[in-house]
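Undergrad: Below is the structure, and that's it, no one-letter string:
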């Protein structure tokens, strides 16, 4: 077995200037991620950061716990999320209230009308949020009655070239809007959580199927690999958000070899994508 | 300048058998700490751990955020804390409620009567909790009206030899009970947050003095070094919970040289203390 360790799924996005970044999801590993990425820590002053905004695709623990580590910022964090995620993060897991006792929060609501938005400082990038079918976090008061906006895919588009990236770390089923965005994207960074639907059950660590947890497995009929096969041949295909049970993490595994044959990459810490 | 990076302050305690450990405080760095300490991860099964209980000395973010990373445990965590900390962790920052949606919590109340307690599996260790003067976490509904139990020092005693350790990562002033325990301890692991009272103010990153934040500075009249000087000569003196502004982190600094002269150690990741 040959596998390299990975921290949890987050991306940082810069526009025309590389001195300002938007962090998409704040993983529990954010401290290690910042240390490994000098561009995000220019060190122009004590407690300096090049992160100007944080975008959350949902309220899950793995996407929000890093906010605790970022609480000593010298100004309120500009945090972009939907109304339902904001509600979860001020009730079931009120981390945004908590930040109010430290750096503060400047909430920017992500609307669900599909309209593009821009983030100050991230010049030349147009963002679009696509609601995807999934569930809110387990601690959400709405856990059993999900609403659109609990989980998002993001489309990031270069304003000039119109080349785009689709980012979807949780994709329980292939949604029509997401599929449309994927077909015209230059690069897709998509849900690579599980190889098989019953992966966690067979290992005895959960009673839940991947799909029940909001993650389309890669293999099998209707799986992510079938969808990726249907994309235009020059689309860059990258799996992200890979669970530590997924055999593709073993670089010598037959599953990884299958990805290679299909031209599908496995994201790694420090990977850079340029549009 | 010569300084090595350190993760945040936590300790793990084992008794006569080294296969069971109590984690004292769950730092945001807990993932890295577990990876660096194979004894805590015996790997007898998937998602195995040698940690049988978690003890919290307060409800501060730096002592509790690691609980998020430990939420996938295969059984409820036995969590020891006082009633006031439990209240903060189910209200202002309801992380214990949140764990209820994952592994669950088996709360064990730490009483304030000074009576010794034992933790199942940590054989041969008697624990005592000493309330210390400080403040609850900023998000505590009781922030401005602290009560005894918001912050603790711990005394860990070997049942057979009666040798003991005092652990006090936050000590805003020298409390009589803590001082009594320190004088008979074999080893003291005490608040090393700041060198000077106005350290954060002079660096422009806070308007608060160390003492206001519940941390006795090391230098100056009434500072921690004066207290440590008065301990019996063979007491092992170790500073913990060192802020990244503290000059003692620079191994070439005059402040570090002063510690060396006084026989005071600076804790480091992986440090072991045997009673």
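TA: Great, that's in hand. Note that the coordinates shown come from a computational prediction; the quantities given were computed from them, not determined experimentally.

Undergrad: which residues does the residue positioned nearest the centre of chain A contact?
TA: Centre of chain A computed as the mean C-alpha position; nearest residue by C-alpha atoms, centre = their mean is residue A:169, 4.4 Å away. By C-beta atoms under 8 Å, 6 or more residues apart in numbering or on different chains, the residues touching residue A:169 are A:9, A:25, A:57, A:63, A:189-191, A:240-241. For glycine as for every other residue, the C-beta is placed from the backbone atoms N, C-alpha and C.

Undergrad: Okay, it and residue B:38: tell me how far apart.
TA: Computed as C-beta to C-beta, to the nearest Å, the residue A:169 to residue B:38 distance reads 30 Å.

Undergrad: before we move on, the earlier item: biggest separation within the contacts of residue A:169, which pair?
TA: A:63 and A:190 (15.6 Å; C-beta to C-beta).

Undergrad: Near chain B, which residues of chain A are found?
TA: Residues of chain A lying close to chain B by C-beta under 8 Å from any C-beta of the partner chain are A:28-29, A:31-32, A:46-47, A:61, A:65, A:68-69, A:71-72, A:74, A:92-94, A:97-98, A:101-102, A:138-139, A:203-205.

Undergrad: switch to 7 Å and redo it
TA: A:28, A:31-32, A:46-47, A:61, A:65, A:68-69, A:71, A:93, A:98, A:101-102, A:138-139, A:203-205 (C-beta under 7 Å from any C-beta of the partner chain).

Undergrad: quick one: the strands in the stretch 101-250 of chain A?
TA: A:105-109, A:125-131, A:152-158, A:164-168, A:187-191, A:236-240 (DSSP state E, counting those that start in this stretch).

Undergrad: just to revisit the earlier point, output the contacts of residue A:169 in TSV; the columns should cover distance to residue A:273, pLDDT and neighbour count.
TA: TSV is the format used below for those (distance: C-beta to C-beta, whole Å; pLDDT from 0 to 100; neighbours: other C-beta atoms under 10 Å in any protein chain shown):
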residue	distance to residue A:273	pLDDT	neighbour count
A:9	14	88	23
A:25	16	97	25
A:57	17	97	27
A:63	19	96	28
A:189	7	98	27
A:190	13	97	28
A:191	16	96	26
A:240	11	97	23
A:241	15	95	24
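
Undergrad: any idea which of the residues you listed is closest to residue A:16?
TA: Closest to residue A:16, out of all of the contacts of residue A:169 and judged by C-beta to C-beta, is residue A:189, at 20.8 Å.

Undergrad: Now do the helices in chain A.
TA: A:30-35, A:61-64, A:66-69, A:83-88, A:95-99, A:176-184, A:199-202, A:224-229, A:254-262 (DSSP state H).

Undergrad: Minimum distance to residue A:1: which of those has it?
TA: Checking the helices of chain A against residue A:1 by C-beta to C-beta gives helix A:254-262 as the closest, at 10.8 Å.

Undergrad: what sits up against that closest one?
TA: Residues from elsewhere that reach helix A:254-262 (C-beta atoms under 7 Å, 6 or more residues apart in numbering or on different chains): A:195, A:225, A:228-229, A:247-248, A:250, A:266.

Undergrad: any idea how far residue A:193 lies from residue B:267?
TA: Residue A:193 is 38 Å from residue B:267, by C-beta to C-beta.

Undergrad: Check residue A:12 too.
TA: Residue A:12 is 33 Å from residue B:267, by C-beta to C-beta.

Undergrad: ditto for residue A:15
TA: 43 Å.

Undergrad: go on, residue A:35?
TA: Distance from residue A:35 to residue B:267, by C-beta to C-beta: 20 Å.

Undergrad: cool, and residue A:210?
TA: Applying C-beta to C-beta to residue A:210 and residue B:267 gives a distance of 42 Å.

Undergrad: higher neighbour count, the two?
TA: residue A:210 (26 against 18; other C-beta atoms under 10 Å in any protein chain shown).

Undergrad: Find me the pLDDT at that one, would you?
TA: pLDDT for residue A:210: 93.

Undergrad: Same question for residue A:195.
TA: Looking at residue A:195, the pLDDT reads 97.

Undergrad: Likewise for residue A:122?
TA: Per the predicted model, pLDDT is 97 at residue A:122.

Undergrad: so what's the closest residue to it other than its chain neighbours up against?
TA: Leaving out its chain neighbours, the residue that sits closest to residue A:122 by C-beta to C-beta, 6 or more residues apart in numbering or on different chains is residue A:15, at 4.3 Å. By C-beta under 7 Å, 6+ apart, the contact set of residue A:15 is A:122-125.

Undergrad: And for residue A:54?
TA: Per C-beta under 7 Å, 6+ apart, neighbours of residue A:54: A:23, A:26, A:77, A:79.

Undergrad: My read is that the third one contacts residue A:107, right?
TA: No: under the contact definition of C-beta atoms under 7 Å, residue A:77 does not touch residue A:107, with a separation of 9.2 Å.

Undergrad: More neighbours: those two, which one.
TA: Relative neighbour count places residue A:77 above the other of residue A:77 and residue A:107, with 24 against 16, counting by other C-beta under 10 Å.

Undergrad: can you tell me how far that one sits from residue A:54?
TA: For residue A:77, the distance to residue A:54 - C-beta to C-beta - is 6 Å.

Undergrad: just residue A:183 next, same as before
TA: In terms of C-beta to C-beta, residue A:183 sits 29 Å off from residue A:54.

Undergrad: who are the neighbours in contact with residue A:33?
TA: A:7, A:10, A:27.

Undergrad: Which of the residues you listed has the largest number of neighbours?
TA: Busiest of the contacts of residue A:33 [other C-beta under 10 Å] is residue A:10, holding 22 neighbours.

Undergrad: didn't that one look like it was pressed against residue A:27?
TA: Yes: counting by C-beta under 7 Å, residue A:10 does reach residue A:27; the two are 4.5 Å apart.

Undergrad: what is the mean pLDDT for stretch A:153-163?
TA: Stretch A:153-163 comes out at a mean pLDDT of 97.
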